[in-house]
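> Take a look and give me a structure for this.
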Amino acid sequence: MLNCLNILFGTYYGPYFFASQELCKISRDMPINDMHFPDVPCIGEKAYYHGFQDHVIEVHGEEFLRGNIGNESGIGIIMQVFGIKAIHISIVVPNISYLLAWQRRLSHMRCITLASGSKGNCTYIEGKSGAILIDAGLSVKETLRRLVEAGGDQGLIRAIFVTHEHGDHMKGLAPLARRLGVPVYATEGTLYEYLAKPAPVRNTIRYTALQYCEPVTLDEFVIEAFPTSHDAREPCGYLVTSDDTRLGFCTDTGIVTERIMAYLKHSDAIVLESNHCPEMLRTGPYPEMLKRRIRSKKGHLSNADAAKCITALGQDITHIRLAHLSEVNNTPDIALKSGKAGLGLFSSDTRLTVASEIGPSPCWSDEIIL
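The predicted structure follows:
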């Protein structure tokens, strides 16, 4: 009989919770009325209070604890028990809204892909007290609609960071920046190309030029641009840091250079381009000139290129999101299969997901939680 178990709280993957953070220890013999959780240290040396009343937790079919998670109800989930292989705990509830909010409070950063692909790109990254956007390739209305559906908060957004000047990354930039009342950050070359084009008045927006490899601080975030290889004036990826948690963002690049790899290796999770299947591109309907552009060092990463990058990163990354998939020359299943092959022996240690061009659905699996 188990006398003491460590209950852990982790990341929600579809119907499963995979444990990652220890919350407390509960004695099997502890009276029900005494079962409350004091403040306990969690990952990141931060403490949180958690009380349980009125819900049933079972271990191998036996009632283990009655508890209430806040005043909310949720669905049955499975949690791992620290140090005990194959044991699970079921929390029997009809709705997971509080559990998701609880996990977000424990996290240092979360990343939601609002759009990824040739029709538009936009990513929301939220920290403890603020948020940023990377790229603004959707209309204001569509961006804010998807943000609400994904559970983001436009009031937290402090700035918009742009990777390069192509329309699928910037076409909604000026109106969105005005609507949110936030500054825009991009490399000098990107801003030069963007501001040189005829457009509605932009003088109400504050633009700040970034230099490669020179970090800028914005509230809790430290953001550093690094050079990518794409047919744009001065394209970049980003390393976003909050409370020592790092997210690497690298799309629209024809190759992964040593410098790009150095930034990705410093990340806890990454958003990585996996644009096309080489065979689908070869046999597909695009004209040869466009095919050569896509395959070039200034084009887009193929699934095979992304897989090589993933192999080089090994088990150092907890979550990899494949992004900027071609609608014509790729499919999510093909990209995932290639990415999993790249992970090899580490496929069970690293979570691999695909960003959608149509944006997030209202489910937990659309987020990177760090």
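> Count the neighbours of His230 for me.
If you count neighbours by other Cβ atoms under 10 Å, His230 ends up with 24. Backbone N, C-alpha and C define where each C-beta goes, glycine included.
> so what pLDDT did it get?
pLDDT, the model's per-residue confidence, is 97 for His230.
> Ile369 now?
At Ile369, the predicted lDDT confidence score is 85.
> residues touching Ile223, list them.
Applying Cβ atoms under 8 Å, 6 or more residues apart in numbering, one finds that Ile223 lies in contact with Ile132, Phe161, Tyr185, Pro215, Val216, Tyr238, Leu239, Val240, Thr241.
> That one: what secondary structure?
Taking DSSP: H, G, I helix; E, B strand; the rest coil as the rule, one finds Ile223 in the strand state.
> can you tell me how far it sits from Leu210?
Using Cβ to Cβ, to the nearest Å, one gets 8 Å for the distance from Ile223 to Leu210.
> any residues in contact with both of the two?
Contacts common to Ile223 and Leu210, judged by Cβ under 8 Å, 6+ apart, are Tyr185, Val216.
> Break down the stretch 151-300 of the chain into its strands, ranges please.
157-161, 184-187, 207-210, 216-218, 221-227, 236-242, 245-250, 269-273 (DSSP state E, counting those that start in this stretch).
> still on that earlier bit, which among the contacts of Ile223 count as buried?
Restricting these to buried positions leaves Ile132, Phe161, Tyr185, Tyr238, Leu239, Val240, Thr241, with burial counted as 16 or more other Cβ atoms under 10 Å.
> OK, contacts around Lys128?
For Lys128, the set of contacting residues under the criterion of Cβ under 8 Å, 6+ apart consists of His108, Glu220, Ser242, Asp243.
> go on, Leu133?
When contacts are counted by Cβ under 8 Å, 6+ apart, Leu133 touches Cys122, Thr123, Tyr124, Ile125, Thr143, Ile157, Ala159, Ile160, Phe161, Leu176.
> Between those, which sits nearest Arg233?
Proximity of the contacts of Leu133 to Arg233, judged by Cβ to Cβ, is greatest for Phe161, which lies at 16.0 Å.
> The closest one and Ala131, how far apart?
Noted for Phe161: a distance of 11 Å to Ala131, by Cβ to Cβ.
> Could you identify the most distant pair in the contacts of Ile223?
Tyr185 and Thr241 (14.8 Å).
> could you list every residue that touches Thr187?
Shown in contact with Thr187 (Cβ under 8 Å, 6+ apart): Ala209, Leu210, Gln211, Tyr212, Ala225, Arg233, Glu234, Pro235, Cys236.
> how does it look with 10 Å?
162-165, 193, 209-212, 225, 227, 232-236 (Cβ atoms under 10 Å, 6 or more residues apart in numbering).
> likewise Ser118?
Listed by Cβ under 10 Å, 6+ apart, the contact partners of Ser118 are Gly137, His166, Gly167, Asp168, Asn275, His300, His324, Leu325, Ser326, Glu327, Val328, Glu357.
> circling back to that earlier point, which of the strands of the stretch 151-300 of the chain sits most buried?
Highest mean neighbour count of the strands of the stretch 151-300 of the chain: strand 269-273, a mean of 27 (counted as mean count of other Cβ atoms under 10 Å).
> So for that strand, mean pLDDT?
The predicted confidence, averaged over strand 269-273, sits at 97.
> in its sheet, what does it sit against?
Strand pairing for strand 269-273, using DSSP bridges, gives strand 245-250 (parallel), strand 319-323 (parallel).
> Which one of the ones you listed lies nearest to Ala150?
The closest approach between Ala150 and any of the strands paired with strand 269-273, judged by Cβ to Cβ, belongs to strand 319-323 at 13.8 Å.
> After that closest one, which helix or strand is next?
Beyond strand 319-323 on the C-terminal side, the first helix or strand identified by DSSP states H and E is helix 332-343.
> Can you name the next helix or strand after that following helix?
Scanning forward in sequence from helix 332-343, with DSSP H and E defining helices and strands, the next element found is strand 351-354.
> Each with direction, which strands does that following strand pair with?
Looking at strand 351-354 with DSSP bridges, its partner strands are strand 319-323 (parallel).
> Check the average confidence over the strand it pairs with, would you?
Computed over strand 319-323, the average pLDDT equals 95.
> Next, the angle helix 332-343 makes with that strand.
Relative orientation of strand 319-323 and helix 332-343, computed by axes from the mean of the first three to the mean of the last three Cα atoms, to 10 degrees: 140 degrees.
> from the contacts of Ile223, which is closest to Ala262?
Closest to Ala262 out of these is Leu239 (9.7 Å), distances taken as Cβ to Cβ.
> circling back: let me know the closest of the contacts of Thr187 to Ile255.
The nearest member of the contacts of Thr187 to Ile255, counting by Cβ to Cβ, is Pro227 at 11.1 Å.
> For Thr311, find the nearest of the strands of the stretch 151-300 of the chain.
Proximity of the strands of the stretch 151-300 of the chain to Thr311 was assessed by Cβ to Cβ; the nearest stretch is strand 269-273, lying at 12.2 Å.
> between the closest one and strand 236-242, how many degrees?
160 degrees.
> Please give the element, helix or strand, for Ser132.
Actually, residue 132 is Ile rather than Ser. Here Ile132 is covered by strand 131-134, with elements defined by DSSP H and E.
> Good, we can wrap up now.
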